[in-house]
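J.: Got a sequence here, can you model it:
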Amino acid sequence: MILSAGIFLLISIGIGYGALLLARPRPVLDCLVLSLPVGAGMLPIVILLMRAAHIPLDIGWLACFAAIGPVISVVTGRMPRGTTSKSRLATHAIVVTAAVLVTGMLHFGATRYPYLEDDDPWGHAAGAHYVALEKTACGADEATGRYLEPYPPYFTALMGMLHQTNPDLQGVLKFFNAVLIGISLLAAFHAFEAIGRNMALAAAGAIILGMLPAYMSHFIWSQTLAIPVFLIAVWAVATLEQEPGTGAWHRKQGFVLAAVLVWSATIVQPSTAVLFAIAFAIHAVIAALIGWRAQRSVPLAPVLAIVLGGTLSLVTWTCFILAYGWTKFAGALFLSSHVLGAGDTSEGIVYGVTDIVFAPLSSKIDQATGLGWLACVFVLVALVAFVIRWRARLTPGNAARTVVVAWLVFGLTGIEGNGLPVKLFPHRFWVLLAIPTAYLAAEGIVVIASLMRREAHRHAAAAVLTGGVVLTSFGPRLAVQHGIWPPGVGWSSNEELNTYIQLKDLLPAQSRVFALCSGDERLIGMNMDSRPWEKDVQRLEADLPALTGDRIASFMRAHEYEYVVLDGMCASRLGVASAEALVRSMSASSRFVPILQAPGIVVARIVP
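T.: Presented below is the predicted three-dimensional model:
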């Protein structure tokens with residue numbers, strides 16, 4: 001896993017460094033800390049372009065593309081320059097430490113049980129295994145999970161390429177899912193700094209974001225990649241609003257990067273694509289209105305970057321529809337059950353004030369709820385300051401700070417969708433609400449700390465107040481993230497689950513195991529090598545009622561399977577009597593030796 005982590009970090013930093021190559025030179029440390037989230041934000045676009053060019057989704061090719069920027073930098077002599085101030089060095093250290101601690105907290109929670117939780121992660125495991133072996137995200141079917149094309153395949157494809165470096169697929173999914181959330185805090189730091197132009201505020205906001213119960217969980221799904229991409233896109237767009245001399249990118253490369261990152265943020269996952277598209281549209285409208293009010297002109301760079309990124313996103317979605325047809329596309333994205341939130345997991349809940357302010361100690365595993373009372377207090381302080389200083393806020397250079405307030409309103413309206421005539425995935429809005437909450441809570445802290453006369457006292461007050469938010473929000477966040485989550489609804493019994501866990505511990509990773517009655521997602525998620533997409537496998541499973549022990553053994557020998565599993569799915573597909581008859585036929589053939597057995601499940605090894 002250390003090797004896999006090193007490869008991922010080098011690839012992300014390399015891609016990010018290449019994207020920043022034409023920008024103004026930065027100190028080495030600043031470049032490294034920024035390159036990581038920028039590179040992670042570019043990964044969906046790189047994977048998309050690899051697919052469009054029919055380049056195999058191989059980690060080696062990804063590493064080659066990541067090396068292009070650094071090589072050009074060395075050849076042209078355009079290297080990072082300058083030194084990082086002590087205060088910025090300390091701030092970077094604090095933010096990176098916070099990101100590492102949050103990553104560790106989530107990874108520890110994910111590894112408290114030796115299986116994948118709920119249902120979605122098993123599907124991502126099957127898709128990642130397919131990508132790892134076949135090096136493509138197309139040509140898949142239901143047997144490879146639900147999260148390859150025409151579903152946006154970027155998260156699953158990334159996990160598949162990382163799986164190429166490590167046979168422990170379950171470990172890869174749990175570890176890098178947590179790593180991406182840690183990277184999102186680095187992205188949040190840069191986004192908040194670009195919005196508020198205050199390094200201490202940005203650090204406090206990133207720390208608070210990582211502690212908010214409603215922020216990301218260790219649940220394994222595509223949204224984990226979408227969030228850091230969105231935050232680094234916010235950084236790129238907000239940076240375009242800055243005045244010359246304050247680090248703005250008024251040259252072409254800043255505009256292009258912002259547009260590409262907006263494009264990337266709005267293609268990763270269906271529901272977040274809708275939410276982020278609206279969030280960016282709000283940003284563009286507010287920036288345009290403020291610019292027109294103050295100077296009778298629209299700030300073209302940020303507005304056009306959002307428009308161009310949104311247009312590229314729309315083209316991408318349209319190409320998927322044209323390539324796969326509307327019926328298959330709509331089915332893959334669950335549009336029939338998710339339009340206007342009909343299939344949302346909020347279960348019709350209309351949240352009250354206490355639900356928002358006070359986070360529960362148990363919540364939904366895909367998206368926890370609640371913010372923490374002290375964070376909400378500081379948000380109110382920031383809103384009061386906004387009202388008092390509204391004239392200064394409604395200026396072109398401060399448009400992003402006004403946008404954050406609008407996002408807070410958007411988020412609050414979104415989570416209350418079940419009480420409104422129109423709704424959009426109410427439960428999915430919690431993470432979008434957490435982002436402006438974290439920024440505004442940090443801004444409220446800065447407002448209070450600024451009442452101190454001495455700078456040292458202001459820093460101390462900000463640190464104490466930030467610590468207070470952490471303490472009041474950390475308990476519910478830790479309780480949910482370190483709870484024992486269930487493995488999903490497809491398991492017939494605890495004995496069945498425990499047998500699969502024993503199989504994972506007993507056999508080396510990527511042992512060839514045949515799921516006779518389907519259920520390959522379970523085997524793949526337990527680090528076994530099963531290939532349900534192969535046509536011979538599908539033909540054999542279609543003829544399941546007529547199979548004999550000898551025929552199964554011959555098939556397994558021809559396809560190099562060493563083990564076979566018969567579990568509760570056999571009884572579901574064949575009936576209990578026929579399933580028992582099949583077990584007797586396999587036993588009578590004398591070609592199988594049981595290695596694990598429990599009520600309703602048998603794991604057998606084929607005799608050489």
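
J.: Please enumerate the helices of the stretch 501-608 of the chain.
T.: 520-525, 535-542, 549-558, 568-574, 576-588 (DSSP state H, counting those that start in this stretch).

J.: can you give me the angle the last one makes with helix 549-558?
T.: Orientation note: helix 576-588 sits at an angle of 70 degrees relative to helix 549-558 (axes from the mean of the first three to the mean of the last three Cα atoms, to 10 degrees).

J.: Could you list the domains of the chain?
T.: The chain breaks down by automatic domain parsing into domains covering 2-481, 494-606.

J.: mind putting these in a markdown table, mean pLDDT and distance to residue 488 included?
T.: C-beta: built from backbone N, CA, C; applies to glycine. A markdown table is the format used below for these (pLDDT from 0 to 100; distance: least, Cβ to Cβ, whole Å):
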| stretch | mean pLDDT | distance to residue 488 |
| --- | --- | --- |
| domain 2-481 | 90 | 4 |
| domain 494-606 | 91 | 9 |
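
J.: Tabulate those (a markdown table), appending mean neighbour count.
T.: Shown next, in a markdown table, are the domains of the chain (neighbours: other Cβ atoms under 10 Å):
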| stretch | mean neighbour count |
| --- | --- |
| domain 2-481 | 20 |
| domain 494-606 | 18 |
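
J.: Now do the strands in the protein.
T.: Assigned by DSSP state E, the strands in the chain fall at 513-515, 563-566, 592-598, 601-606.

J.: Out of those, the one nearest residue 49 is which?
T.: Among the strands of the chain, the nearest to residue 49 by Cβ to Cβ is strand 513-515 (34.6 Å).

J.: Name the residues that touch that closest one?
T.: Contact with strand 513-515 is made by 503, 507, 522-523, 528-530, 532, 537, 556, 559, 561-565, 567, 569, 603, as judged by Cβ atoms under 8 Å, 6 or more residues apart in numbering.

J.: ok, back up a step: tabulate the helices of the stretch 501-608 of the chain in JSON lines, adding columns for distance to residue 425.
T.: Formatted as JSON lines, these follow (distance: least, Cβ to Cβ, whole Å):
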{"stretch": "helix 520-525", "distance to residue 425": "25"}
{"stretch": "helix 535-542", "distance to residue 425": "34"}
{"stretch": "helix 549-558", "distance to residue 425": "44"}
{"stretch": "helix 568-574", "distance to residue 425": "31"}
{"stretch": "helix 576-588", "distance to residue 425": "40"}
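
J.: and of those, who's closest to residue 57?
T.: The minimum distance between residue 57 and the helices of the stretch 501-608 of the chain falls on helix 520-525, with 17.1 Å, by Cβ to Cβ.

J.: Could you list every helix and strand in contact with that closest one?
T.: helix 120-134, helix 169-196, strand 513-515 (3 or more Cβ pairs under 8 Å, 6 or more residues apart in numbering; DSSP states H and E).

J.: got a list of contacts for that helix?
T.: In contact with helix 520-525 (Cβ under 8 Å, 6+ apart) are residues 115-116, 121-123, 125-126, 129, 143, 145, 169-170, 490, 500, 513, 515, 530-532, 565, 567.

J.: measure residue 447 to residue 334 for me?
T.: As judged by Cβ to Cβ, to the nearest Å, residue 447 and residue 334 stand 43 Å apart.

J.: can you list the strands of the chain in a markdown table and add distance to residue 415?
T.: As requested, those are arranged in a markdown table below (distance: least, Cβ to Cβ, whole Å):
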| stretch | distance to residue 415 |
| --- | --- |
| strand 513-515 | 40 |
| strand 563-566 | 42 |
| strand 592-598 | 43 |
| strand 601-606 | 41 |
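
J.: Residue 402 and residue 393 touch, don't they?
T.: Yes - if you go by Cβ atoms under 8 Å, residue 402 and residue 393 touch, sitting 5.4 Å apart.

J.: Could you pull out the residues contacting both of those two?
T.: Each of residue 386 lies in contact with both residue 402 and residue 393 under the rule Cβ under 8 Å, 6+ apart.

J.: that older thread, among the strands of the chain, which comes closest to residue 157?
T.: Taking the strands of the chain one by one with Cβ to Cβ, strand 513-515 is closest: 23.2 Å.

J.: what pairs with the closest one, and is each one parallel or antiparallel?
T.: According to DSSP bridges, strand 513-515 forms sheet pairs with strand 563-566 (parallel).
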